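S.K.: Next input, structure requested:
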Amino acid sequence: MPHAEQSTLPWTITDGRAGNLRQAVALASALRLGGQQRLQLQPRAPWRWLAPRWLPGATQGYGEGFTRLAANPPALAIGCGRQAAGALRVLGRRGTHTVQILDPRIAPRHWQLLVVPEHDRLRGDNVLTLLGSLNPVNDEWLACGRAAFSSFEQLPGPRTALLVGGPTEHAPWREQEIAPLLAELAACIRGEGGSVLATTSRRTPRTVTQALLRAFDDVPGVIWSDGGDGSNPYAGLLGWADRIVCTPDSVNLLSEACATRVPVGVLLGTRAQARMARFQQSLRVRGRLLDARDALAAGPQPAIEPLRETPRIAAEVKARLGL
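M.R.: Next comes the predicted model:
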């Protein structure tokens, strides 16, 4: 058991990748345990290569910050990603409650609880499943986004949020496919007299960003395409959107879009494969995901039920661990 002097606040442990950090922080925040502390791992070889498999000396395998934490293990640690899974195994052996987010690709018995998306198919007595990914999007978060970017209210409606990622193994769309769809989307918004609220990601090919900028050059709105554009207005985009259009490659982006109360459409949805295709089909069955053209034609839908799995998962974690 943890010692009396150890922190009672949950620790989030990740490799620092934005998607992993976002999920771990979202769950820690939803637990409402008075705050959280964060650790970004700095794994060394061979742990960097072989995590989460066990190797002797693992206490020193994930960086100095982790070595200090392992010497005084916390009551609860939440990790996301493969590196975090390896680090949590060390803490679990020292009495820490461990919650691993995402499939670690080895037997789930090495962690107290695991949280995985349904489309990953990992199952077990200690495995909690959810549709999509953990995220912070709720009515309060959206209201904060609107307040932080209040100037977006002046943009003409309908406001279309456009979330552009990049091709992946499970959604291998091609750059030349999306350019005409962006032009079509821009023409639709232009014809309506509306505006666009667009953002790209680190994975967005430069040619796609350029096509986006060309297509929406004369459309009112905001396009955030890199750090040189100032603060990322992502929360404002979701908060002020009347409808949202996404590329088909990111579970996180689609989950967060579907956590709002507006129609959500996907571009190039037929390019989704394997796990991504299963996830998007589940969203469609639930009535939460449309093709992009249908989302633009849908109009206001006040009865939309947002996809918000994080509070349910947090409640289950608290119940299972007696927090």
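S.K.: How confident was the prediction at residue 229?
M.R.: We have a pLDDT of 56 for residue 229.
S.K.: How about residue 39?
M.R.: Residue 39 is assigned a predicted lDDT (pLDDT) of 97.
S.K.: Just the pLDDT at residue 205, thanks.
M.R.: 93.
S.K.: Could you do the one 3 residues further on as well?
M.R.: Among the per-residue scores, residue 208 holds a pLDDT of 94.
S.K.: which SSE is it in?
M.R.: In this structure, residue 208 sits in helix 206-215 according to DSSP states H and E.
S.K.: for that helix, which positions count as buried?
M.R.: Residues of helix 206-215 classed as buried: 208-209, 211-212, 215 (neighbour count, 16 or more other CB atoms under 10 Å). C-beta here means a position set from N, CA and C on the backbone, and glycine is covered the same way.
S.K.: cool, and stretch 104-124?
M.R.: So for stretch 104-124, counting by 16+ other CB under 10 Å, buried means 104, 106, 108, 110-120, 122.
S.K.: quick one on the thing from earlier: the helix holding residue 208: how far from the chain's middle?
M.R.: Mean-position distance between helix 206-215 and its chain equals 24 Å (CA atoms, centre = their mean, to the nearest Å).
S.K.: cool, and stretch 195-202?
M.R.: 16 Å.
S.K.: before we move on, what about stretch 201-221?
M.R.: Centroid displacement of stretch 201-221 relative to its chain, using CA atoms, centre = their mean, is 22 Å.
S.K.: repeat for stretch 12-30
M.R.: Relative to the centre of its chain, stretch 12-30 is centred 9 Å away, using CA atoms, centre = their mean.
S.K.: what's the answer for stretch 48-59, then?
M.R.: Using CA atoms, centre = their mean, the offset of stretch 48-59 from its chain centre is 26 Å.
S.K.: Quick check: buried residues in that stretch?
M.R.: Neighbour-count burial for stretch 48-59 [16+ other CB under 10 Å]: 48, 51-53, 58-59.
S.K.: cool, stretch 30-37 as well?
M.R.: Under the neighbour-count criterion of 16+ other CB under 10 Å, stretch 30-37 has 30-31, 33, 36 buried.
S.K.: Compute the first-to-last residue distance for that stretch.
M.R.: Length of stretch 30-37, first residue to last, CA to CA, to the nearest Å: 14 Å.
S.K.: Just the residues contacting it, thanks.
M.R.: With CB atoms under 8 Å, 6 or more residues apart in numbering as the test, stretch 30-37 has contacts from 7-12, 25, 28-29, 74, 76, 134, 136, 310-311, 313-314, 317-318, 323.
S.K.: can we see that at 10 Å?
M.R.: With contacts defined as CB atoms under 10 Å, 6 or more residues apart in numbering, stretch 30-37 is touched by 7-13, 24-25, 27-29, 69, 74-78, 99, 134-136, 138, 308-315, 317-318, 321, 323.
S.K.: so what does the helix holding residue 208 touch, helix or strand wise?
M.R.: Using 3 or more CB pairs under 10 Å, 6 or more residues apart in numbering; DSSP states H and E, the elements in contact with helix 206-215 are strand 159-164, helix 175-192, strand 195-200, strand 221-224.
S.K.: most packed of the ones you listed?
M.R.: Comparing those on average neighbours per residue, with mean count of other CB atoms under 10 Å, the densest one is strand 159-164 at a mean of 26.
S.K.: what is the orientation angle of that one with strand 195-200?
M.R.: 20 degrees (axes from the mean of the first three to the mean of the last three CA atoms, to 10 degrees).
S.K.: Strand 159-164 to helix 175-192, inter-axis angle?
M.R.: Using the same axes, to 10 degrees, the inter-axis angle of strand 159-164 relative to helix 175-192 is 170 degrees.
S.K.: partners of strand 159-164, with directions?
M.R.: strand 195-200 (parallel), strand 243-246 (parallel) (DSSP bridges).
S.K.: so for the last one, what's the average pLDDT?
M.R.: Mean pLDDT, strand 243-246: 96.
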